[in-house]
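Chemist: Okay, here's the prediction I keep looking at, along with the sequence it came from:
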Amino acid sequence: MNTMNSSITSEASPQDEATVPVPESKPTDTVIEEGKTVGKPYSDDAKFKLRDVEVFYGESRAIKKISLDIARNEVIAFIGPSGCGKSTFLRCLNRMNDSIDICRVKGSLQLDDQDIYDSKRDVVELRARVGMVFQKPNPFPKSIYDNVAYGPRIHGLANRKSDLDEIVENSLRKAGLWEEVKDRLDATATGMSGGQQQRLCIARAIAVSPEVVLMDEPCSALDPIATAKVEELIAELSESYTIVIVTHSMQQAARVSHRTAYFHLGHLVEVNETNKVFTSPEHELTESYITGRFG
Amino acid sequence: MPTKKDDVYGDHISHKFNDELMDLKTEFLKMGGMVEAQVENAIQALMDGDGHLAEETRAKDKRVDQMEMDIDEEATLIIARRQPTARDLRLVISVIKMVADLERVGDEAKKIAKLAIKLAEEGQAPRGYVEVRHIGTHVLSMLHDALDAFARLDSEQALRIMKEDKRVDEEYQAAARTLLTFMMEDTRNISRCMSVMWVLRALERVGDHACNIAENVIFMVKGEDVRHTPVEEAERVVGR
């Protein structure tokens, strides 16, 4: 399969977002020990097992020896100042960084005990299992129906039209969009509101029955009502999917996630229950960031 | 009073947020100082049989009540505007709770002032005043230290206050026994001794409120709730 089809969710070209991040956080006296994460970074029921992960953009090291488990059916939020590496790290989870020539990933990254970066690994299959939703809604310039049907078609998930109809309806229902669009499935997707487009992108991501959904600031371009709907959706989806969400809104992380991971200058500083992080974080840097002392 | 620079609540990116938290803290301490003076004056009025001072103390309770409402409003606005987290959140939540304690201390002072007026009018030789002075001094220093622990975020001092509270309870029991003997000696003492007993009861409650404040200070500093837990648990939390 060619790279065009390699991921139904990768329309937002990584190229334009892949400039090497420049840290914005103010210098701090706090020394971060490499590979040392406080809190609870590990899980007994890990979907992703990530060990000593390092990511390089050319010579510069964007991720510094991060080890983390992401549990089955959990919602984990990645937070941190701009350029802290959270998006870079997220993109490792379905090899979205592959398309960036200067980017190298080291360490062990396993999905269900299988190496994500195995050279024999089928990236298309990986991205079907690990879907992605981007910051800006990026529907294809096609009908609402075709947007959702696209993935199942190329992955051969439906043999008959009726099967495909069912997948489309189910996905749109799960995305909380069915009632709003059921009478205009042939209408072009780009005519929808921003919030609807984003939920369509989520429907499109879940149409191929992924196990994991990665969300890179999924609500940053949405109004509060659309944001509330997407958050509601995340809560429902977490029953059947593992969700990893990068967000700049700390309140959003506090609302939707079970665990929160705080990134700082390429380090994973703290991972803890979200309730703990927002009431009494263990690490000084986490505290400073979430209370608005820098970032 | 801490200055903005050296205060842990004064280093946000948003200066307005700094100001809001600092104001909250300052207003709380101001209310604390007011309530402290109320208790002190009520005891003094009782000792001296000073009806005028007692009346003044009673009247001032209205201002304490108003401060409670003002601080609560400020705290509510901070939550609405800032959605504070971590230590900021713990400060705001604790202040909301501690303000209720201060207001209750104010009420106890008012109660003592009222009894002081009654006892002054009856004008008999005082019985049990030694105990009142003793317990009064004790709980006043607890209240003072609790407010000080809040101002300096000193969880160790807060722990000491929690331990003190046990001693006040013991002193109260002993004083109650003493008063009981007075009452048994001469039934004509009963009415006056009962009034003094109410004063002691009010003072003992002041100690409880100081202890509540101390528990909240530990929560603010350590992020763990030590209410309704054995002192050993609080010791563990503070020792971390």
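Modeler: Okay, I see it. Numbering: from 1, shown residues only, chains lettered A, B, ... in the order given.
Chemist: Only C-alpha atoms from now on, for both contacts and neighbour counts.
Modeler: Fine.
Chemist: can you list the residues of chain B near chain A?
Modeler: By CA under 8 Å from any CA of the partner chain, the part of chain B that sits against chain A consists of B:11-14, B:83-90, B:222-223.
Chemist: at 10 Å instead, please
Modeler: For chain B, the residues in contact with chain A (CA under 10 Å from any CA of the partner chain) are B:9-14, B:17-18, B:82-90, B:219-224.
Chemist: of those residues, buried ones?
Modeler: Neighbour counting over the residues of chain B next to chain A (16 or more other CA atoms under 10 Å in any protein chain shown) leaves B:9-12, B:17-18, B:84-90, B:219-224 as the buried ones.
Chemist: And the helices in chain B, which stretches?
Modeler: Secondary structure of chain B (DSSP state H): helices located at B:15-48, B:51-82, B:86-122, B:129-152, B:155-185, B:190-222, B:231-239.
Chemist: what's the answer for the stretch 51-200 of chain A, then?
Modeler: Ranges of helices within the stretch 51-200 of chain A are A:86-92, A:123-129, A:144-154, A:161-174, A:178-181, A:194-206, based on DSSP state H, counting those that start in this stretch.
Chemist: Which one, of the ones you listed, ends up nearest to chain B?
Modeler: Set against chain B and scored by CA to the nearest CA, the helices of the stretch 51-200 of chain A come closest in helix A:86-92, at 20.9 Å.
Chemist: who does the closest one touch, helix- and strand-wise?
Modeler: Using 3 or more CA pairs under 10 Å, 6 or more residues apart in numbering or on different chains; DSSP states H and E as the contact test, the elements touching helix A:86-92 are strand A:46-57, strand A:60-71, strand A:75-79, strand A:103-111, strand A:212-216, strand A:242-246, strand A:259-264, strand A:267-273.
Chemist: Same list, the ones you listed, but as JSON lines with distance to chain B and mean pLDDT please.
Modeler: Shown next, in JSON lines, are those (distance: least, CA to the nearest CA, whole Å; pLDDT from 0 to 100):
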{"stretch": "strand A:46-57", "distance to chain B": "28", "mean pLDDT": "96"}
{"stretch": "strand A:60-71", "distance to chain B": "23", "mean pLDDT": "95"}
{"stretch": "strand A:75-79", "distance to chain B": "14", "mean pLDDT": "98"}
{"stretch": "strand A:103-111", "distance to chain B": "32", "mean pLDDT": "96"}
{"stretch": "strand A:212-216", "distance to chain B": "23", "mean pLDDT": "96"}
{"stretch": "strand A:242-246", "distance to chain B": "19", "mean pLDDT": "97"}
{"stretch": "strand A:259-264", "distance to chain B": "14", "mean pLDDT": "97"}
{"stretch": "strand A:267-273", "distance to chain B": "13", "mean pLDDT": "97"}
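Chemist: tally of neighbours for B:Thr178?
Modeler: By other CA atoms under 10 Å in any protein chain shown, 15 other residues sit near B:Thr178.
Chemist: What residue, apart from its backbone neighbours, is nearest it spatially?
Modeler: With sequence-adjacent residues excluded and distances taken as CA to CA, 6 or more residues apart in numbering or on different chains, B:Thr178 is closest to B:Gly128, at 7.6 Å.
Chemist: what sits against that neighbour?
Modeler: Applying CA atoms under 10 Å, 6 or more residues apart in numbering or on different chains, we find B:Gly128 in contact with B:Ala175, B:Ala176, B:Thr178, B:Leu179, B:Phe182, B:Arg192, B:Cys193, B:Val196, B:Met197, B:Leu200.
Chemist: For B:Gln38, state which of those residues is nearest.
Modeler: B:Leu200 (15.6 Å; CA to CA).
Chemist: How many residues are close by the closest residue to that closest one other than its chain neighbours?
Modeler: Nearest non-adjacent residue to B:Leu200, counting by CA to CA, 6+ apart: B:Val132, 6.1 Å away. Close neighbours of B:Val132, defined as other CA under 10 Å, add up to 22.
Chemist: Hmm, B:Thr178 and B:Val132 touching each other?
Modeler: No: applying CA atoms under 10 Å as the test, B:Val132 and B:Thr178 come out as separate, 11.7 Å apart.
Chemist: Mutual contacts of these two, please.
Modeler: B:Tyr172.
Chemist: could you list every residue that touches the residue nearest the centre of chain A?
Modeler: Central residue of chain A (CA atoms, centre = their mean): A:Leu214, 2.2 Å from the mean position. The contact partners of A:Leu214, by CA under 10 Å, 6+ apart, come to A:75-76, A:90-91, A:93-94, A:130-134, A:205, A:242-246.
Chemist: can you do 6 Å?
Modeler: For A:Leu214, the contacting residues are A:Gly131, A:Met132, A:Ile243, A:Val244, A:Ile245, by CA atoms under 6 Å, 6 or more residues apart in numbering or on different chains.
Chemist: Test my guess that the third one contacts A:Met215.
Modeler: Right, A:Ile243. No: under the criterion of CA atoms under 6 Å, A:Ile243 is not in contact with A:Met215, lying 7.4 Å apart.
Chemist: which of these two has more neighbours?
Modeler: Higher neighbour count among A:Ile243 and A:Met215: A:Ile243, with 28 against 24, using other CA under 10 Å.
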